[in-house]
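Novice: Next comes the sequence, and after it the predicted model I'd like to discuss.
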Amino acid sequence: MLKKAWKMIDCSLKIYIDNDEKNQAFVKQLEKREADIDARQKDITEYLSQLMRRDLTAGEAGQIPMLLHCTNDVERIGDHTELIRNITEKLNDEKIRFSPEAENEFKRMYNSLNDLASHTIELLSDNSPDAVATAKNLSERLLSMLGESEAGHLARINNGECRPQVGILYLELIEEIRKITRHLENINDRAGMFYEKLPNAAR
């Protein structure tokens, strides 16, 4: 489910960065893919709800809320697709480009978010204490980068170095990336707690 949600976000960001024919074809599938994410959340939630009615140990029952929270975070990541798509399509339709400095920042943010998403996907299937620590470092660095980019861009707007219309769209993109980072951070934290409570968890 997370792989699918990230692919949607990746596609929406690439509308501005690298909107080649392959990406344009994928854009046409976004609404269908978002519906698929919503259906998966519903199915997983229903499954976990039925599981809670079983005769579970306290430890088993305690794992279910973490799984539910992870599923909800993934669904919310998918929801950000439309918001990002609206911003990046507006940039392309109106032939608006960021300044060279802002473009470089945006590409660095995209690459860092891609690294965090890829690591989160791996963490869900191959957990280890080192993987949890790495995920935490990645999210902290990205959030710091977003804060610095936001502050720098506000300064450029105030100094008249950036048109307000362009600046607002750039700041909206930063905020969307920040929200996705927070969701990935939540998933990583809960995945770490989930695996720690497994009977054969590494200590």
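Specialist: Noted; the coordinates are in hand.
Novice: List the buried residues for the stretch of helix or strand Lys32 belongs to?
Specialist: Using DSSP states H and E, the element containing Lys32 is helix 30-52. For helix 30-52, the neighbour count (16 or more other C-beta atoms under 10 Å) marks Leu30, Arg33, Glu34, Asp36, Ile37, Arg40, Gln41, Ile44 as buried. For the C-beta atoms, the positions are set from N, CA and C on the backbone; glycine is no exception.
Novice: which residues are contacting the helix or strand Ala25 falls within?
Specialist: In the assignment (DSSP H and E), Ala25 maps to helix 21-27. For helix 21-27, contacts defined as C-beta atoms under 8 Å, 6 or more residues apart in numbering pick out Lys7, Cys11, Ser12, Lys14, Ile15, Arg85.
Novice: Kindly list the main-chain dihedrals of the residue positioned nearest the centre of the chain?
Specialist: Of all residues in the chain, the one closest to the mean position by C-alpha atoms, centre = their mean is Ile180, 3.4 Å from it. With angles defined as degrees, to the nearest 10, Ile180 shows backbone torsions of phi -60, psi -40.
Novice: wait, it sits on Ser12?
Specialist: No. Contact criterion C-beta atoms under 8 Å: Ile180 and Ser12 do not qualify, at 10.5 Å.
Novice: looking at the protein, which residue ends up farthest from its center?
Specialist: Asp55 (35.0 Å).
Novice: all helices of this protein, in order?
Specialist: 2-17, 21-27, 30-52, 58-93, 100-125, 129-158, 164-196 (DSSP state H).
Novice: that older thread, tell me the average confidence for the helix holding Lys32?
Specialist: For helix 30-52, the mean pLDDT works out to 95.
Novice: Just the buried positions in stretch 81-100, please.
Specialist: In stretch 81-100, counting by 16+ other C-beta under 10 Å, buried: Thr81, Ile84, Arg85, Ile87, Thr88, Leu91, Phe98, Ser99.
Novice: so which of the helices of the chain is the most packed in?
Specialist: Most buried of the helices of the chain, by mean neighbour count (mean count of other C-beta atoms under 10 Å): helix 2-17, with a mean of 20.
Novice: now the angle from it to helix 30-52?
Specialist: Angle between the axes of helix 2-17 and helix 30-52 is 160 degrees (criterion: axes from the mean of the first three to the mean of the last three C-alpha atoms, to 10 degrees).
Novice: starting at the chain centroid, how far to helix 2-17?
Specialist: 9 Å (C-alpha atoms, centre = their mean, to the nearest Å).
Novice: same question, stretch 46-57
Specialist: With C-alpha atoms, centre = their mean, you get 28 Å for stretch 46-57.
Novice: So what would you say the end-to-end distance of it is?
Specialist: Stretch 46-57 has its terminal residues 20 Å apart, counting by C-alpha to C-alpha, to the nearest Å.
Novice: Check what contacts it and list those residues.
Specialist: Contacts for stretch 46-57 (C-beta under 8 Å, 6+ apart): Ala61, Ile64, Leu67, Leu68, Thr71.
Novice: In terms of distance to Val166, which of the residues you listed ranks first?
Specialist: Closest to Val166 out of the contacts of stretch 46-57 is Thr71 (36.4 Å), distances taken as C-beta to C-beta.
Novice: Thanks a lot, catch you later.
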